[in-house]
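Novice: Here is my input; please provide its structure:
(chains A and B)
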Protein chains: 2
Amino acid sequence: MNGTRRLRELENEEALHRLGTVPFGRVVFSQNAMPAIRPVNHFLDRGAVIIRTHLGSMLLRSVGVIVAYEADEIDPHTRLGWSVIITGRARLVLEADEARRYEEMLRPWIDGPMNQLIRIRPGMITGFELVDAREATAT
Amino acid sequence: MNGTRRLRELENEEALHRLGTVPFGRVVFSQNAMPAIRPVNHFLDRGAVIIRTHLGSMLLRSVGVIVAYEADEIDPHTRLGWSVIITGRARLVLEADEARRYEEMLRPWIDGPMNQLIRIRPGMITGFELVDAREATAT
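Specialist: Numbers count the residues shown, from 1 in each chain, chains lettered A, B, ... in the order given. Below is the predicted model:
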């Protein structure tokens, strides 16, 4: 399988669409000036990534700062798939109506109170797909 | 499925072992003071994560600095699985013998010259498992 894959860039719209098709991804932020990353589940609302966390979580340190959010779907056998990364400022969802709606849509992974919602509006979107090089040449 | 999962911490040895059972993960580093993340394939050599990249890749910006490396295996349906994060300094592999051996073991994902090997020795290891809360209580 070596040497038959190529990287294809995804358009912003296509990249965001793919991110919305998977239930989880990873938030990337700084913690005490060190890189930190945590997997969470998400969904997409009008182009923004919505995640949910519990009070006291270290994820709350990402609020107000620029974070990256990554989701991917890569086949461990063929190594084909895609990865999408958005970069933007993480903000608490403070609108009560929105918060209620999001809480309905986003079931937390873990037991316990999960009453903080975070919205990440993408400032920058990077997406690529690993495709079979022979197929890529054919299209 | 809501409310039946619990987070269980993994011991360092177990966490590293799991990371070694999957073929790829994500390097987290800073780029122009912004968080950056890129999926790559890896393997484990004597407790260190070895990744491979091509000359000119933005991953080379991670060399010499503290990075995080994350790998996970989370079932999108049951949401059960694990995630392991190591944090440590990324260094180029400069020993010719090691480099030759690693190049044999680590097939790049993409066509083209991939002649930079990076080693990340974990300074800190964080691992957790999402387990069914009922099973966790039973054991």
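Novice: Buried residues in the helix or strand hosting residue A:97, which are they?
Specialist: Assigned by DSSP states H and E, residue A:97 belongs to helix A:96-105. By neighbour count, and taking 16 or more other C-beta atoms under 10 Å in any protein chain shown as the criterion, the buried residues in helix A:96-105 are A:99, A:102. Bear in mind the C-beta positions are built from the backbone N, C-alpha and C, glycine included.
Novice: So what does residue A:62 look like in phi/psi?
Specialist: Per-residue torsions, residue A:62: phi -80, psi -10 (degrees, to the nearest 10).
Novice: hmm, which helix or strand of chain A has the shakiest average pLDDT?
Specialist: The helix or strand of chain A with the lowest confidence, counting by mean pLDDT, DSSP states H and E, is helix A:133-138 at a mean of 62.
Novice: Please report the distance of residue A:98 from residue B:22.
Specialist: As defined by C-beta to C-beta, to the nearest Å, residue A:98 lies at a distance of 36 Å from residue B:22.
Novice: try residue A:83
Specialist: For residue A:83, the distance to residue B:22 under the criterion C-beta to C-beta works out to 15 Å.
Novice: Same check on residue A:29?
Specialist: Applying C-beta to C-beta, one obtains 23 Å for the distance of residue A:29 from residue B:22.
Novice: dump the residue contacts of residue A:102.
Specialist: By C-beta atoms under 8 Å, 6 or more residues apart in numbering or on different chains, the contact set of residue A:102 is A:43, A:45, A:50, A:52, A:93, A:117.
Novice: what's the closest of the residues you listed to chain B?
Specialist: Of all these, chain B sits closest to residue A:52, with 11.9 Å by C-beta to the nearest C-beta.
Novice: helices or strands up against the helix or strand harbouring residue A:19?
Specialist: Assigned by DSSP H and E, residue A:19 belongs to helix A:12-21. Other helices and strands packing on helix A:12-21, by 3 or more C-beta pairs under 8 Å, 6 or more residues apart in numbering or on different chains; DSSP states H and E, are strand A:34-45, strand A:66-74, strand A:81-92, strand A:124-132.
Novice: residues contacting the closest residue to residue A:47 other than its chain neighbours?
Specialist: Of all residues not flanking residue A:47 in the chain, residue A:16 sits nearest, at 6.2 Å (C-beta to C-beta, 6 or more residues apart in numbering or on different chains). For residue A:16, the contacting residues are A:44, A:47, A:84, A:86, A:122, A:125, by C-beta under 8 Å, 6+ apart.
Novice: now swap in residue A:125 and tell me
Specialist: With C-beta under 8 Å, 6+ apart as the criterion, the residues that contact residue A:125 are A:12, A:15-16, A:84-87.
Novice: Brilliant, that's me finished.
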